[in-house]
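> Take a look and give me a structure for this.
(one chain, ligands or ions: 2)
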Amino acid sequence: MSKLKIAIQKSGRLSESSRKLFEECGIKISNGAGTLKIVASNFPIEILFLRDDDIPQYVEQGVADIGIVGENMVFEKNKEVDILEQLGFAGCRLSLAIPKEENYSGHGFFINKRVATSYPHLLGKYFTSNNITATVEEISGSVEIAPGVGLADAICDIVSSGSTLLMNGLKEVETIMKSQAVIIANRNILPGKKLILEKLLFRIRAVKNARENKYILLNAPREAITEICQILPGMKSPTILPLAEEGWCSLHSVVKEDEFWDRIDQLKNAGAEGILVIPIEKMVL
Ligand code: PRT
Ligand code: ZN
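Ligands and ions are numbered 1, 2, ... in the order given. Model (predicted):
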């Protein structure tokens, strides 16, 4: 059977999380340091290691069947590929930033300005759709130094914590897009490979669900159970077991992690005690 070819970033911000995802899906891939491609030992996939910039094109051309890459790169390269799944890592945004001492009162600021970026397509589209005439200076790295050296009046670059902008005396003024890592796919995957892809996506979704949810156990007086179930709306049909202590029970359920942290005080006020929050390894819905 032919293997599903998957392009991932060779080394960079997406590499480790991409490898970890396969690991969590129970797929064994060796370290592959220095190699261009490796085959998984227990799943019919072959991994190709590439620069992230090249992944959309390789997937469009079918050199790889699918790839893991940032949405920013997918939309910048504008290739004929499908986005199949958001993966929840490598979160960032593509933003416009200007020297911090400049006054900013809206995107009219950029009219007739020079803006340095590695994202000429997305920036050009942004300017066109906002009727802004500006010069896009395409540069491939260290975009943030462009205003300081007199190459541009502003920049358009990826921001995550914002510390790079701060260190270079810049301030973020507009967000063009938000991004995270996604799976992209060729539009003509062969039926045999599609089956492998479905199996892989099934595992990836189980891993994603598990990451977002926690298994929660708590003790509470029997009369508090109804209120506790209302506090955690995700807790649809909890398992309720009687405790040795008269009138008390133990409640087990799966809840969204965010929901849990937002409501911990309410749970305690309602009488919940001995709360345990346990990670889930896989969650098949
Ligand atoms: O060699 P190759 O071409 O494969 O890698 P690369 O150096 O082009 O890409 P890499 O590894 O830097 O980024 C890969 C992908 O990670 C990007 O396309 C984004 O989808 C995502 N990502 C997430 C980021 C960041 N966070 C990020 N912070 N990509 C880049 N940055 C850079 C940004 O360019 C800027 O220089 O980090 C700096 C800003 O970070 P903060 O935290 O200071 O705001
Ligand atoms: Zn790159």
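
> where do the strands sit along the stretch 101-250 of the chain?
All strands of the stretch 101-250 of the chain, identified by DSSP state E, counting those that start in this stretch, fall at 114-117, 135-138, 154-159, 170-179, 181-185, 213-221, 239-242, 248-256.

> Can you check the pLDDT for A33?
You'll see A33 listed with a pLDDT of 67.

> Export the strands of the stretch 101-250 of the chain as JSON lines, with columns for distance to ligand 1 and mean neighbour count.
All C-beta atoms are positioned from the backbone trio N, CA, C, and that covers glycine. Listed next are the strands of the stretch 101-250 of the chain as JSON lines, based on distance: least, Cβ to the nearest ligand atom, whole Å; neighbours: other Cβ atoms under 10 Å:
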{"stretch": "strand 114-117", "distance to ligand 1": "10", "mean neighbour count": "24"}
{"stretch": "strand 135-138", "distance to ligand 1": "14", "mean neighbour count": "16"}
{"stretch": "strand 154-159", "distance to ligand 1": "4", "mean neighbour count": "23"}
{"stretch": "strand 170-179", "distance to ligand 1": "5", "mean neighbour count": "17"}
{"stretch": "strand 181-185", "distance to ligand 1": "7", "mean neighbour count": "23"}
{"stretch": "strand 213-221", "distance to ligand 1": "24", "mean neighbour count": "19"}
{"stretch": "strand 239-242", "distance to ligand 1": "39", "mean neighbour count": "12"}
{"stretch": "strand 248-256", "distance to ligand 1": "24", "mean neighbour count": "18"}
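
> can you tell which of those is closest to R203?
Closest to R203 of the strands of the stretch 101-250 of the chain is strand 181-185 (Cβ to Cβ; 12.1 Å).

> That closest one - contacts with which helices or strands?
helix 55-61, strand 66-70, helix 71-77, strand 82-86, helix 191-212 (3 or more Cβ pairs under 8 Å, 6 or more residues apart in numbering; DSSP states H and E).

> what residues does the longest one touch?
The one in question is helix 191-212. With contact meaning Cβ atoms under 8 Å, 6 or more residues apart in numbering, helix 191-212 is reached by 1-4, 21, 24-27, 43-45, 65-66, 84-85, 87-88, 183, 185, 189, 256-257, 279-285.

> out of those, which are inside strands?
Among the contacts of helix 191-212, the residues falling in strands (DSSP state E) are L4, I45, I66, L84, E85, I183, A185, K256, P279.

> From the residues you listed, which shows the smallest pLDDT?
For the ones in strands among the contacts of helix 191-212, the pLDDT minimum is K256, 87.

> any idea how far it lies from T164?
Applying Cβ to Cβ, to the nearest Å, the value for K256 to T164 is 32 Å.

> Show me what the helix-or-strand element of the chain with minimal mean pLDDT is packed against.
Least confident helix or strand, the chain: helix 257-262 with a mean of 83, by mean pLDDT, DSSP states H and E. Applying 3+ Cβ pairs under 8 Å, 6+ apart, one finds that helix 257-262 contacts strand 213-221.

> so E172 touches L165, yeah?
Yes - with contacts counted by Cβ atoms under 8 Å, E172 reaches L165, the gap being 5.9 Å.

> Can you check which residues contact both of those two?
Between them, E172 and L165 share the contacting residues A97, V159, judged by Cβ under 8 Å, 6+ apart.

> thought I184 was touching L84?
Yes - I184 lies in contact with L84 (Cβ under 8 Å); the separation is 6.9 Å.

> Nearest residue to F127 in space, please, no chain neighbours.
Among residues not flanking F127 along the chain, A134 sits closest, at 5.4 Å (Cβ to Cβ, 6 or more residues apart in numbering).

> quick one: contacts for the one you found?
Contacts for A134 (Cβ under 8 Å, 6+ apart) come out as F110, I111, N112, K113, R114, V115, F127.

> just S250 next, same as before
Applying Cβ under 8 Å, 6+ apart, the residues contacting S250 are L217, L218, N219, I240, L241, P242, L243.

> Mind doing that once more with 10 Å?
Shown in contact with S250 (Cβ atoms under 10 Å, 6 or more residues apart in numbering): L217, L218, N219, A220, P238, T239, I240, L241, P242, L243, G274, L276.

> does the second one have beta-bridge partners, and which?
Listed by DSSP bridges, the beta-bridge partners for L218 are L251.

> how close does it get to C249?
10 Å.

> same deal with the third one?
Between N219 and C249 the computed distance is 7 Å (Cβ to Cβ).

> Find residues that contact each of the two.
In contact with both N219 and C249: L241, L243, using Cβ under 10 Å, 6+ apart.
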